[in-house]
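S.K.: Just the structure for this:
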Amino acid sequence: VFVSAFNGTDRVQQVYGAVVATEKHWLIHSEYAYEAEDLPRDCSLYVAPNETREDDYISGFFAAKVPRLEGIRLCVDISGFMRPHLMFLVRLLAARGVRSFDALYTEPRQYAHREATEFSGGDVSGVRPVAGLEGTHVPSLSPDQDVLIIGAGYEHELIRHVAASKTNTKKFQLLGFPPLRADFYQENVLNARKASEAVSAVNEGRPLLAPASDPYVTASVVQRAIDEQLSKGAKNIYLCPLASRPQALGFALYHVYEGTGRPISVIYPFATRYSRETATGIARVWRYSVELPR
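M.R.: This next block holds a predicted model:
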């Protein structure tokens, strides 16, 4: 079974066309605001405009299209996924007893307007925990006891929103290095600095670094950063992945393995609209064999 989130970029369309599978499904995210005439024909589409929460949407998809997960091989192209939907997908698969699946991610050659590319649009409806990745938090007595780790990408407005929602916290930025492409790191830093006043990250001179294309190293870097802060007396940890999809996958894997039942939440600033076609070309396609906890 192959699952991909529909958008019009070559890196999503060409991979969908090239994959050979018994079943292939397009997820139609309402945040992309596609009209019916924009959608492909003679394909399995999942359109659920009334299911705006990531848990309702992803659970509804599997109930409607893939009700039985036993005995199938699942491959998910994460390139066009909304990050909260991707992270809840990991939680749902783990809860349903899936022990492994393949994830594909296609690097673009460049973003449409380089560092000025706009990924999200419309109003931010709020900052809240991603469904299934909520923590059991405890009261803190001082700002130093709450920690926010932001996977900082190009979306400086979203960085500002999530930073403003956690004003009395120690803030750390995690940047994608090595980047997906050589020039992406400079563009990433330029955008992260636009939000520096709101973030005032305590690690500004020494940001956390994890490869933008590697979810496993990302999970390890997050693990080490959290363990260090907990050893220094932190009570509550908040994680917010706003960079590449592989990094978002890494944040989700960390929480599924080590965050459950602890004061650790993955939070997200939910925007009402996202740009459909932000990238051009295809650089590389990554395939990740994702193992989930037993």
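S.K.: what stretches of the stretch 1-150 of the chain score poorly on pLDDT?
M.R.: 111-122 (pLDDT under 70).
S.K.: go again using 90 as the cut-off
M.R.: Within the stretch 1-150 of the chain, the ranges that satisfy pLDDT under 90 run 8-9, 30-34, 36, 42, 48-52, 108-125, 139-144.
S.K.: In which helix or strand does the nearest residue to I149 once chain neighbours are set aside reside?
M.R.: Nearest non-adjacent residue to I149, counting by CB to CB, 6 or more residues apart in numbering: F172, 4.8 Å away. For the C-beta atoms, the positions are set from N, CA and C on the backbone; glycine is no exception. Taking DSSP states H and E as the criterion, F172 maps to strand 170-176.
S.K.: Which strands border that strand, and is each parallel or antiparallel?
M.R.: Strand pairing for strand 170-176, using DSSP bridges, gives strand 146-151 (parallel), strand 208-210 (parallel).
S.K.: Can you give me the buried ones in the last one?
M.R.: Same thing as strand 208-210. Within strand 208-210, the residues that qualify as buried by neighbour count (16 or more other CB atoms under 10 Å) are L208, L209, A210.
S.K.: and the end-to-end length of stretch 145-156?
M.R.: 25 Å (CA to CA, to the nearest Å).
S.K.: again with stretch 234-253
M.R.: 21 Å.
S.K.: begin at 675 from here
M.R.: Happy to do that; since the first residue is 675 now, the last one works out to stretch 908-927.
S.K.: Could you check how far it is from the centre of its chain?
M.R.: Taking CA atoms, centre = their mean, to the nearest Å, one finds stretch 908-927 lying 8 Å from the centre of the chain it belongs to.
S.K.: Mind putting the strands paired with strand 844-850 into TSV with distance to N842?
M.R.: Listed next are those as TSV, based on distance: least, CB to CB, whole Å:
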stretch	distance to N842
strand 820-825	7
strand 882-884	21
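S.K.: closest to H703 out of the ones you listed?
M.R.: Evaluated over the strands paired with strand 844-850, closeness to H703 peaks at strand 820-825, with 20.0 Å, by CB to CB.
S.K.: List the contacts of the closest one.
M.R.: Strand 820-825 is contacted from outside by 814, 833, 836-837, 840, 842-848, 850, 873, 875, 882, 892, 896, 899-900, 903, 908-917, 921-922, 925, using CB atoms under 8 Å, 6 or more residues apart in numbering.
S.K.: among those, which are in helices?
M.R.: I833, V836, A837, V873, T892, V896, A899, I900, Q903, Q921, A922, F925 (DSSP state H).
S.K.: in the sheet, who's paired with P915?
M.R.: For P915, the beta-bridge partners under DSSP bridges are G825.
S.K.: roughly how far apart are it and L882?
M.R.: 12 Å (CB to CB, to the nearest Å).
S.K.: how about the strands paired with strand 844-850, which one is nearest A957?
M.R.: Of the strands paired with strand 844-850, nearest to A957 by CB to CB is strand 882-884, at 19.0 Å.
S.K.: And that closest one, how far out from the chain middle?
M.R.: Offset of strand 882-884 from its chain centre (CA atoms, centre = their mean): 16 Å.
S.K.: Could you do stretch 761-773 as well?
M.R.: Here stretch 761-773 shows a centroid-to-chain-centroid distance of 15 Å under the convention CA atoms, centre = their mean.
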